[in-house]
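[1] structure of the sequence below:
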Amino acid sequence: MNVGPVKYIALAICFTGINFLSYSQDNSPYSRYALGDEISSSSAAGRGMGGVSAAYSSPGTVNYANPASYSFFQSITEMGTKKQIQGRVVLDIGIEGQGRTIIDNTQQSRFTSANLLFNRVSVGLPLRRNWGLAFGLRPLNRISYNIQQSGKLYDENTGNFIDSATTNFQGYGGLYLASLGTGFKFKVGKEQYIALGVNGGYMFGSQDFTTTRSLYNDSTYYATGTWESKTGLGKLYADAGIQYYGKLSNRLYLGLGAYGNWKQTINTSADITTSSVNYTSATPDSSYSKTNQKGNIVYPTNVTAGFVLQKYQTATEAGWLFGADFTSTNWREFTVNGIPDSAVTNNWKLKVGAEFTPVGKKSYFSNVSYRLGFYTGPDYIKFNGNQLPTYGITAGLGLPLANHNQMAAGQLSIINLAFEYFKRGNNKNPLQENAYRVTVGFSLTDLWFGKRRSM
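    Reported below is the predicted structural model:
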């Protein structure tokens, strides 16, 4: 088997991913709360279906969300025995581009930003016919904002007018997970299986927050104060999942699934610096710094459950899949150094999606998978006691690539495209986000472990 091209592509994407980790041009004001904007754990295929993932499994992609799905990686056994002679190994790579429009409902103004981001790199492989393993790297949360406010400044205690001020808020960073997971399935009836899975890994990242306030009088700045906090985060992490998969009728199958993580504590180490400058003397009035301040952040409990109904494609009939997930996150558990964040609260999300695969014919587009979906639910962020409304619509394509390598007839590659449009907030909130996201997933697979036959 010729694995050279796959190896070089993997190395190139890994280096590209490392660069993406340190590059960001996005501006999302709501990412200043909690851990930042949440990143979906769904693959590009799942994102095209609204993010449905609890009961979803596929031999052509790695479903990080539910590790029980790893047990369904394709395995070919020796006839008459249970010995695996070949297994389909998956290299799953993803990048995403997004554009965002921020609507300031108080100033009646708009701001736009765009970005290209690393989404994931993962490898999945069957160890036995009912046992699979996956490992890789993906982002969990992202912080990226730059906000400026100008106007009159009042004393918070007395309400007395101080002066006019310009305040700039900046934040950058994110949280990432390097993980290794495994899934194992048991046969519980004729064409019925129950699968269990677990992911373990290391959660790491950084948060850099800076606030700069400049006082001015008669349009002349006369003093500036800066507060900066740089925090490193790191901790071992684990989540788990379960799936049921069974045949309902001739070609109709039902899948049920659930996954989630329990409350976990992330260790932090912060460097804090404050300073102020009086422009009249051009010298620092005061400065303060403190390094290596130990603390912790509590990562909240998250649980998702869902189902899929699936009818497989044949040479004469089309195939389809329909599924839905319900997610609940206990954000009231979230604390920073033991202090709750009053701007976040518990939330839920409903995700619904479908996939259609037509009867395969000679035309290319008859071999393409077509996907649609949507999601909705209250955001975990609240303003004036009210949660922000959110919703999104999605569409996707699974584009198979022709294999012209006669020395590796088992290679199968698919480009999965997912398109998302989502809204966050409404006219009742100071800021409203309208955004789109395009996710490109490269699923490169090949049959491994088989011995090459002599000609």
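[2] pLDDT weak spots in the chain?
    1-25, 80-81, 107-108, 219, 280-286, 404-410, 449-455 (pLDDT under 70).
[3] which residues in it form helices?
    4-21, 44-47 (DSSP state H).
[4] quick one, strands of the stretch 101-250 of the chain?
    Assigned by DSSP state E, counting those that start in this stretch, the stretch 101-250 of the chain shows strands spanning 109-128, 131-154, 161-189, 192-217, 220-247.
[5] now those in a markdown table, with distance to residue 86 and mean neighbour count?
    (Glycine included, C-beta is placed from N, CA and C.) As requested, the strands of the stretch 101-250 of the chain are arranged in a markdown table below (distance: least, Cβ to Cβ, whole Å; neighbours: other Cβ atoms under 10 Å):
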| stretch | distance to residue 86 | mean neighbour count |
| --- | --- | --- |
| strand 109-128 | 9 | 19 |
| strand 131-154 | 14 | 18 |
| strand 161-189 | 18 | 18 |
| strand 192-217 | 20 | 18 |
| strand 220-247 | 22 | 17 |
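[6] leaving out the residues flanking it, which one is nearest to residue 436?
    What sits nearest to residue 436 in space, not counting adjacent residues and going by Cβ to Cβ, 6 or more residues apart in numbering, is residue 421, at 5.0 Å.
[7] my guess is that neighbour contacts residue 393. True?
    Yes. Residue 421 lies in contact with residue 393 (Cβ atoms under 8 Å); the separation is 5.5 Å.
[8] hang on, the earlier thing: so how many other residues sit close to the residue nearest to residue 436?
    Applying other Cβ atoms under 10 Å, we find 14 other residues in the vicinity of residue 421.
[9] residues contacting residue 268?
    For residue 268, the contact set (Cβ atoms under 8 Å, 6 or more residues apart in numbering) comprises 231-233, 294-297, 337.
[10] how about these, which pair is most distant?
    232 and 337 (14.3 Å; Cβ to Cβ).
[11] could you measure from residue 261 over to residue 201?
    For residue 261, the distance to residue 201 equals 11 Å [Cβ to Cβ, to the nearest Å].
[12] list residues touching both of these two?
    Contacts common to residue 261 and residue 201, judged by Cβ under 8 Å, 6+ apart, are 237-238.
[13] identify the bridge partners of the residue nearest to residue 442 when sequence neighbours are not counted.
    If the residues on either side of it in the chain are set aside, residue 442 comes closest to residue 93, at 4.5 Å by Cβ to Cβ, 6+ apart. Beta-bridge partners for residue 93, by DSSP bridges, are residue 121, residue 442.
[14] burial of residue 93, as a residue count?
    24.
[15] can you check residue 310 too?
    Residue 310: 20 neighbours (other Cβ under 10 Å).
[16] was I right to think it contacts residue 357?
    No. The pair residue 310 / residue 357 is not scored as a contact, 10.3 Å apart, by Cβ under 8 Å.
[17] next, show the common contact partners of these two.
    319-320.
[18] strands along the stretch 301-450 of the chain, start to end?
    Counting by DSSP E, counting those that start in this stretch, the strands of the stretch 301-450 of the chain are 302-311, 319-329, 335-336, 339-340, 347-357, 369-383, 386-401, 412-424, 431-448.
[19] let me see the contact set for residue 139.
    Applying Cβ under 8 Å, 6+ apart to residue 139 gives the contacts 21, 39, 117-120, 174-177.
[20] with residue 53 instead?
    Contacts of residue 53 by Cβ under 8 Å, 6+ apart are 41-43, 46, 63, 65-66, 257, 259, 304, 306, 325.
[21] hmm, back to that, of the strands of the stretch 301-450 of the chain, which approaches residue 165 most closely?
    strand 431-448 (20.0 Å).
[22] give the buried residues for that closest one.
    431-435, 437-439, 441-447 (16 or more other Cβ atoms under 10 Å).
[23] quick revisit: turn the contacts of residue 139 into TSV, including distance to residue 350.
    TSV is the format used below for the contacts of residue 139 (distance: Cβ to Cβ, whole Å):
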residue	distance to residue 350
21	31
39	19
117	25
118	28
119	23
120	24
174	26
175	25
176	27
177	25
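[24] residue 83: which of those residues is nearest?
    Comparing the contacts of residue 139 against residue 83 with Cβ to Cβ places residue 120 closest, at 32.3 Å.
[25] ok, that closest one to residue 40 distance?
    For residue 120, the distance to residue 40 - Cβ to Cβ - is 10 Å.
[26] one more: residue 368?
    Distance of residue 368 to residue 40, computed by Cβ to Cβ: 23 Å.
[27] would JSON lines of the contacts of residue 268 with distance to residue 129 be doable?
    Converted to JSON lines, the contacts of residue 268 look like this (distance: Cβ to Cβ, whole Å):
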{"residue": "231", "distance to residue 129": "46"}
{"residue": "232", "distance to residue 129": "43"}
{"residue": "233", "distance to residue 129": "39"}
{"residue": "294", "distance to residue 129": "47"}
{"residue": "295", "distance to residue 129": "47"}
{"residue": "296", "distance to residue 129": "43"}
{"residue": "297", "distance to residue 129": "41"}
{"residue": "337", "distance to residue 129": "48"}
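[28] from these, which single one is nearest residue 182?
    Among the contacts of residue 268, and counting by Cβ to Cβ, the member closest to residue 182 is residue 233, at 25.6 Å.
[29] surely that closest one touches residue 267?
    Yes. When contacts are counted by Cβ under 8 Å, residue 233 is listed as touching residue 267 (7.2 Å).
[30] straight-line length of stretch 70-89, end to end?
    11 Å (Cα to Cα, to the nearest Å).
[31] so what's the spatially closest residue to residue 374 that is not a sequence neighbour up against?
    Closest residue to residue 374 apart from its sequence neighbours, by Cβ to Cβ, 6+ apart: residue 393 at 4.8 Å. Neighbouring residues of residue 393 by Cβ under 8 Å, 6+ apart: 373-374, 420-422.
[32] what about the nearest residue to residue 352 once chain neighbours are set aside, distance to residue 336?
    Nearest non-adjacent residue to residue 352, counting by Cβ to Cβ, 6+ apart: residue 324, 4.7 Å away. Distance, residue 324 to residue 336, using Cβ to Cβ: 34 Å.
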